[in-house]
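Peer 1: Could you work out the structure for the sequence below:
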Amino acid sequence: MKTVAEVVARLREIEGSAPGSDGVACFARLYREVTEGVGAQLAADTFQNGPFVQALDLGFADLFFTALTTFERNPQQTPRAWLPLFQQRARRDIAPLQFAVAGMNAHINRDLPVALVGASRALGLNLRDDSPEHADYLRVNALLAKVEARVRRSYLTGWASLADRLFHHTGRAQDVVAMWDVARARDAAWTNGLALWHLRDDADLSAQFLVTLDRMVGLAGKGLLTPSHSALGRLRRLVRL
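Peer 2: Numbers count the residues shown, from 1 in each chain. The predicted model follows:
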């Protein structure tokens, strides 16, 4: 991908390739709306270092697209952070909100540190706190929080709310995702990005760090996708009895 518009187009393709309840489609919708917001701010020249934000956005998106393609071709080579979402994307007893948050968990906690290092290397920057790049990173935090809140409300209002209460026990789903906070996740991703940056000249230690991070994020993803106690599931059990 060479432009943010191409990233948005690819995310729309993923959304349209599966039912709205599909786990990857749920995440792609959230991710697309965030990317559209970043693209609008880039066009308005609101960032201190626009080229860095664009390079970060493109590299970040490529990690998701690569993980998805890898899973489709060779699941065993897929980063563990992504496996819970990809493996359980078709389950009907997991709420759309859980899928969206599980995708953010994998993408922010595992992929974002890698993308930060990649963008900094590509542009010859020194990744550090109190830099224009860090200020731009925090600016995106606010945008992401707004989009995440809007998407969350859309899953919990109108027909989506009725379906969620009937089939997924919305309160249960909210309890599951309440443990995950987007701002804290991005703060941790920045810290892990700094760690990877300082390890960049030690390939073995960098690889070990990423493997450990990948496994931890995968475990968190499994917890976020704990199935809700759906009315449909209870009905099926009663029928079997």
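
Peer 1: So which residue is dead centre in the protein?
Peer 2: Closest to where the C-alpha atoms of the chain average out (CA atoms, centre = their mean) is Met104, at 2.3 Å.

Peer 1: Tell me how many other residues crowd Phe99.
Peer 2: Residues contacting Phe99 under the criterion other CB atoms under 10 Å number 30. Where C-beta positions appear, they are placed from N, C-alpha and C, glycine not excepted.

Peer 1: my guess is it meets Arg89, correct?
Peer 2: Yes - between Phe99 and Arg89 there is a contact under CB atoms under 8 Å: 7.1 Å.

Peer 1: Check the contact lists of those two and give me the overlap.
Peer 2: 22-24 (CB atoms under 8 Å, 6 or more residues apart in numbering).

Peer 1: what about the helices in the chain?
Peer 2: Assigned by DSSP state H, the helices in the chain fall at 4-16, 23-43, 50-73, 83-88, 96-106, 112-123, 132-155, 158-167, 170-177, 182-198, 203-224, 231-240.

Peer 1: and those as JSON lines, adding mean pLDDT?
Peer 2: Below are the helices of the chain laid out as JSON lines (pLDDT from 0 to 100):
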{"stretch": "helix 4-16", "mean pLDDT": "97"}
{"stretch": "helix 23-43", "mean pLDDT": "95"}
{"stretch": "helix 50-73", "mean pLDDT": "98"}
{"stretch": "helix 83-88", "mean pLDDT": "98"}
{"stretch": "helix 96-106", "mean pLDDT": "93"}
{"stretch": "helix 112-123", "mean pLDDT": "98"}
{"stretch": "helix 132-155", "mean pLDDT": "86"}
{"stretch": "helix 158-167", "mean pLDDT": "48"}
{"stretch": "helix 170-177", "mean pLDDT": "53"}
{"stretch": "helix 182-198", "mean pLDDT": "95"}
{"stretch": "helix 203-224", "mean pLDDT": "97"}
{"stretch": "helix 231-240", "mean pLDDT": "44"}
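
Peer 1: winner for burial among these?
Peer 2: Comparing the helices of the chain by mean neighbour count (mean count of other CB atoms under 10 Å), helix 96-106 comes out on top with a mean of 27.

Peer 1: tell me which strands and helices that helix is in contact with?
Peer 2: Helices and strands touching helix 96-106, by 3 or more CB pairs under 8 Å, 6 or more residues apart in numbering; DSSP states H and E, are helix 23-43, helix 83-88, helix 132-155, helix 158-167, helix 170-177, helix 182-198, helix 203-224.

Peer 1: tilt between that helix and helix 50-73?
Peer 2: Angle, helix 96-106 to helix 50-73, by axes from the mean of the first three to the mean of the last three CA atoms, to 10 degrees: 110 degrees.

Peer 1: From the chain's centroid, how far away is helix 96-106?
Peer 2: Distance, stretch centre to chain centre, for helix 96-106: 6 Å (CA atoms, centre = their mean, to the nearest Å).

Peer 1: any idea how far Phe65 lies from Leu11?
Peer 2: 9 Å (CB to CB, to the nearest Å).

Peer 1: That's all I had, so thanks and see you.
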